[in-house]
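*Asks:* coords please:
(one chain, ligands or ions: 1)
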Amino acid sequence: MTDFRGSTITWLGHAVVHITTAKGTEILIDPFLKHNPKYPKNYKLPEKLDLLLLTHGHSDHLADAVAVAKRGSPQIVGIFELVAWMQSKGANDVVGMNVGGSYKYRDVTVSIVEARHSSSVEDDGKFLYAGEAIGFVIAIEGGPVIYHAGDTSVFSDMQIIRELYAPEIGLLPIGDHYTMGPKAAALAAKYLGVKTVVPIHYGTFPQLTGTPEELEGYLKGSGVKVLKPAPGEALH
Ligand SMILES: [Zn+2]
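*Replies:* Residues are numbered from 1 along each chain as shown. Sure thing, here's the model as predicted:
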């Protein structure tokens with residue numbers, strides 16, 4: 001069982017995750033809020049966010065990013081092209097990186113890792129190039145190492161993520177159709193060496209058929225624990 005060591009992880013439906021570290025650093029990933037059918041409407045995000053992490057440009061991840069950026073004035077971390085688009089919309093505090101890079105902010109080191117997915121931003125009816133889709137490794141000083149896979153299939157280089165960063169908690173998509181499903185996510189957990197999986201990107205739309213129970217079935221006997229919080233339920 002993973003020790004969260006004072007950090008809190010709250011899944012907010014789809015790929016939206018809010019992390020608060022023991023030292024109070026506030027991180028939000030992939031803000032799809034208003035039109036996210038699973039978003040807990042009474043959930044209070046902090047007024048001041050420190051980091052906003054964006055895995056790619058699709059609207060089910062980026063929809064509320066500009067609004068959140070303008071309201072909570074976070075530093076926006078993501079792939080160069082996507083954060084440049086954010087900048088063009090008036091979100092000025094951006095950290096544009098690329099795969100393999102790390103950024104340190106107070107008690108948190110955020111590393112960009114690859115994902116197998118497409119990425120674009122729909123802007124005024126046109127699909128604009130938004131760089132590569134990515135995942136994030138979030139290493140908290142004195143706390144756990146968390147991997148948010150973004151949207152991806154399983155890929156064998158997840159073993160490199162294991163070797164370099166040793167994530168303990170994997171936030172893994174399991175919905176199928178647009179990402180991997182439960183069987184592939186179980187293999188991902190093995191490649192990553194995580195002790196705990198929090199399934200994300202499922203149950204939002206009818207196409208997303210994968211369930212946490214199926215994932216549990218595939219992980220039976222592996223020692224990996226699947227946590228199944230309701231949207232808005234804090235894990236700590
Ligand atoms: Zn998605």
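*Asks:* Within range of the ion, give me the residues from the chain.
*Replies:* 60, 151 (C-beta under 5 Å from the ion). (Each C-beta comes from the backbone N, C-alpha and C, glycine too.)
*Asks:* what about 8 Å?
*Replies:* The chain comes close to the ion at residues 14, 15, 56, 58, 60, 61, 117, 151, 173, 178, 179, 201, as judged by C-beta under 8 Å from the ion.
*Asks:* Out of the residues you listed, name the ones that lie in strands.
*Replies:* Among the residues of the chain next to the ion, the members found in strands (DSSP state E) are residue 173.
*Asks:* Need the residues of the chain next to the ion in a markdown table (columns: distance to residue 99, pLDDT and neighbour count).
*Replies:* Output for the residues of the chain next to the ion, formatted as a markdown table (distance: C-beta to C-beta, whole Å; pLDDT from 0 to 100; neighbours: other C-beta atoms under 10 Å):
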| residue | distance to residue 99 | pLDDT | neighbour count |
| --- | --- | --- | --- |
| 14 | 23 | 98 | 25 |
| 15 | 18 | 98 | 28 |
| 56 | 12 | 98 | 27 |
| 58 | 18 | 98 | 22 |
| 60 | 22 | 98 | 18 |
| 61 | 17 | 98 | 24 |
| 117 | 13 | 98 | 20 |
| 151 | 15 | 98 | 26 |
| 173 | 18 | 98 | 29 |
| 178 | 20 | 97 | 17 |
| 179 | 18 | 98 | 26 |
| 201 | 20 | 98 | 30 |
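*Asks:* Most widely separated two among the residues of the chain next to the ion?
*Replies:* 14 and 117 (14.4 Å; C-beta to C-beta).
*Asks:* Nearest the middle, which residue of the protein would you pick?
*Replies:* residue 148 (3.8 Å; C-alpha atoms, centre = their mean).
*Asks:* quick one, what contacts that one?
*Replies:* Shown in contact with residue 148 (C-beta atoms under 8 Å, 6 or more residues apart in numbering): 15, 17, 29, 30, 53, 55, 135, 136, 138, 171, 200.
*Asks:* How far does the helix or strand where residue 84 lies sit from its chain's centre?
*Replies:* Taking DSSP states H and E as the criterion, residue 84 maps to helix 80-88. Taking C-alpha atoms, centre = their mean, to the nearest Å, one finds helix 80-88 lying 18 Å from the centre of the chain it belongs to.
*Asks:* still on that earlier bit, residue 8: which of the residues of the chain next to the ion is nearest?
*Replies:* The closest of the residues of the chain next to the ion to residue 8 turns out to be residue 15 (C-beta to C-beta; 17.6 Å).
*Asks:* residues in contact with that closest one?
*Replies:* Residues in contact with residue 15 (C-beta under 8 Å, 6+ apart) are 29-30, 32, 55, 60-61, 148, 150-151, 171, 173, 200-201.
*Asks:* Swap in 6 Å and give it another go.
*Replies:* 30, 61, 200, 201 (C-beta atoms under 6 Å, 6 or more residues apart in numbering).
*Asks:* Could you find the closest non-adjacent residue to the last one?
*Replies:* What sits nearest to residue 201 in space, not counting adjacent residues and going by C-beta to C-beta, 6 or more residues apart in numbering, is residue 173, at 3.5 Å.
*Asks:* List of residues touching the biggest helix by length in the chain?
*Replies:* Criterion DSSP state H: the longest helix present in the chain is helix 182-192. By C-beta under 6 Å, 6+ apart, the residues outside helix 182-192 that reach it are 154, 158-159, 162, 167, 170, 172, 174, 197, 210, 214-215, 218-219, 224.
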